[in-house]
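Visitor: coords please:
(chains A, B and C)
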Amino acid sequence: MPELPEVETIKNTLKRFVIDKTITDVTVFWPNIIKRPDDAEQFKDLLHGQSIRDIHRKGKFLLFELDDAILVSHLRMEGKYSVHPSGEPVKKHTHVIFTFNSGEELRYNDVRKFGTMHLFNKGEERLGKPLNQLGPDPFDEAFTVDYFYQKLKKTDRQIKSVLLDQTVVAGLGNIYVDETLFKAKIHPLRKARQLKKREVQAIREAAISTLREAVAQGGTTIRSYVNSQGDMGMFQQELFVYGQENEPCKECGRPITKMKVGGRGTHVCVSCQK
DNA sequence: TCGGCTGTTAGTAA
DNA sequence: GTTACTAACAGCCG
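Guide: Residues are numbered from 1 along each chain as shown, chains lettered A, B, ... in the order given. Just a heads-up that it's a prediction; the model follows:
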């Protein structure tokens, strides 16, 4: 589900509910979510007594900053965080509960159980998986045209697949890649290494502006995404190609085509995108 | 009823 | 080393 704009929105809404709350207990119903440490009991012990001081985002990852630790969380397709009074009935697909000293709980819910949590000592989170291979955030100043152009030049893959590669740039997923390529007027099947520098520049700018606008709209809700207050995003109203199969292109009027690229459903205006 | 699809990515095979 | 495919899981749609 969530790509950069959704994770950013979740971070911002969640902060209001959890900052300076102290974890007094952790309950893990589906241990496979916990990837580090490998033992869920140890995970629980390390979190006991820790307070949430801040929440950060890197690509699609949420980073919960605790007193002595960083909890790195990826929501994958359907992960959600929400805060509830302790007495409230627990919903189906809730897999981890962080109990606070405030009489509330932070609950992690994930229909498909794909999400992951990695716990690190503070300062060590960038050294191991999953953050050690992550490319720059699109909003980071390290995401320069030169960096991007060099990366694209040394791969044989199609541009769409490269944009989905989180080691190249971190935060784009299937929706925003399709939207970015439409905005840049580039066909998703183009070989990355054959793109001209001005095309690479156009993709970079399209990605940044698309993501910025989507953050402003609170993300995109296609089926299940809601932020940590339960609000839907609004960016689905601004989509040009994603989910617009057979609809007229908002630029040229010709129908949007759906195809497969790298195994992913891909939406393209074959008239606008070359 | 069942196969195919879904906002992701780690692991494996070629 | 690079790239392509699949599995992890559940639900929805035709």
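Visitor: Can you list the buried residues in stretch A:112-132?
Guide: For stretch A:112-132, burial by neighbour count (16 or more other Cβ atoms under 10 Å) applies to A:115, A:116, A:117, A:118, A:119, A:120, A:125, A:130, A:131. From N, CA and C alone the C-beta is placed, and that goes for glycine too.
Visitor: Contacts only, for the closest residue to DNA strand B within the stretch 1-150 of chain A.
Guide: DNA strand B sits closest to residue A:1 of the stretch 1-150 of chain A, with a gap of 3.5 Å, by Cβ to the nearest atom of the strand. For residue A:1, the contacting residues are A:75, A:76, A:77, A:78, A:79, A:224, A:225, by Cβ atoms under 8 Å, 6 or more residues apart in numbering.
Visitor: For ChimeraX, what selects the buried ones among the residues you listed?
Guide: ChimeraX command restricting the contacts of residue A:1 to the buried ones, with burial defined by 16+ other Cβ under 10 Å:
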select /A:75,78,79,225
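Visitor: looking just at contacts, which helices and strands does the strand or helix carrying residue A:109 meet?
Guide: Using DSSP states H and E, residue A:109 maps to strand A:104-110. Helices and strands touching strand A:104-110, by 3 or more Cβ pairs under 8 Å, 6 or more residues apart in numbering; DSSP states H and E, are helix A:4-18, strand A:79-85, strand A:94-100.
Visitor: right, and the ones you listed - which one's nearest residue A:69?
Guide: Nearest of those to residue A:69, taken as Cβ to Cβ: strand A:94-100 at 12.6 Å.
Visitor: ok, and what's touching the strand holding residue A:109?
Guide: A:17-18, A:21, A:33, A:73, A:75-76, A:78-86, A:90-91, A:93-100, A:115, A:117.
Visitor: again, only this time at 6 Å
Guide: A:18, A:78-86, A:91, A:93-99 (Cβ atoms under 6 Å, 6 or more residues apart in numbering).
Visitor: host element of residue A:25?
Guide: Under the assignment here (DSSP H and E), residue A:25 is part of strand A:23-28.
Visitor: quick one: is that strand near DNA strand C?
Guide: No. Strand A:23-28 lies apart from DNA strand C when judged by Cβ under 7 Å from any atom of the strand; the minimum separation is 15.0 Å.
Visitor: same deal with stretch A:137-157?
Guide: Yes. Stretch A:137-157 lies within reach of DNA strand C by Cβ under 7 Å from any atom of the strand, at A:154, A:155, A:156, A:157.
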